[in-house]
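Chemist: Got a predicted model here, sequence first, then my questions.
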Amino acid sequence: MKQFAIFIHSFADIQKFVDLSSQQPFDITLGEDQQINGKSLMAVLALNFQHPILVNAYCDDEALQRYRASLANFLV
């Protein structure tokens, strides 16, 4: 599992994040204590967006680099 933080500012950002995450062939969860499905719009909407969000990507380093590059606008 690889971890990094993102910051989401708007509903459009949420939609873009979920869309980009859904394109990945590996599992993505959000949060430290809770494991929110990062590919589910309804699940992601339940998060508090006033603080950075921890992303857990279950992939290798190469896939992580591609995924993080797609999320460049959200990285903390």
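Modeler: Thanks, I have the structure now. Numbers count the residues shown, from 1 in each chain.
Chemist: OK, contacts around the residue nearest the centre of the chain?
Modeler: In the chain, the centroid-proximal residue (Cα atoms, centre = their mean) is Val55; its distance is 4.8 Å. Val55 makes contacts with Gln3, Phe4, Ala5, Ile6, Ile28, Thr29, Leu30, Gly38, Leu71, as judged by Cβ atoms under 8 Å, 6 or more residues apart in numbering. Bear in mind the C-beta positions are built from the backbone N, C-alpha and C, glycine included.
Chemist: what does the model give it for pLDDT?
Modeler: Note on Val55: pLDDT of 97.
Chemist: Which strand residues bridge it?
Modeler: Per DSSP bridges, the residues bridged to Val55 are Phe4, Leu30.
Chemist: so is Gln15 in a helix, a strand, or just coil?
Modeler: Per DSSP: H, G, I helix; E, B strand; the rest coil, the local secondary structure of Gln15 is helix.
Chemist: OK, contacts around it?
Modeler: Contacts for Gln15 (Cβ under 8 Å, 6+ apart) come out as Leu41.
Chemist: Kindly report the same for Phe49.
Modeler: By Cβ under 8 Å, 6+ apart, the neighbours of Phe49 are Phe7, Ile8, His9, Ile14.
Chemist: can you do 7 Å?
Modeler: Neighbour list for Phe49: Ile8 [criterion: Cβ atoms under 7 Å, 6 or more residues apart in numbering].
Chemist: again with the one 4 residues further on
Modeler: When the contact criterion is Cβ under 7 Å, 6+ apart, the partners of Ile53 are Ala5, Ile6, Ile8, Leu30, Leu47.
Chemist: Tell me how far it lies from Glu62.
Modeler: Distance, Ile53 to Glu62, using Cβ to Cβ, to the nearest Å: 23 Å.
Chemist: And the helices in this structure?
Modeler: Secondary structure of the chain (DSSP state H): helices located at 11-22, 41-45, 61-70.
Chemist: highest average neighbour count across these?
Modeler: helix 11-22 (a mean of 16; mean count of other Cβ atoms under 10 Å).
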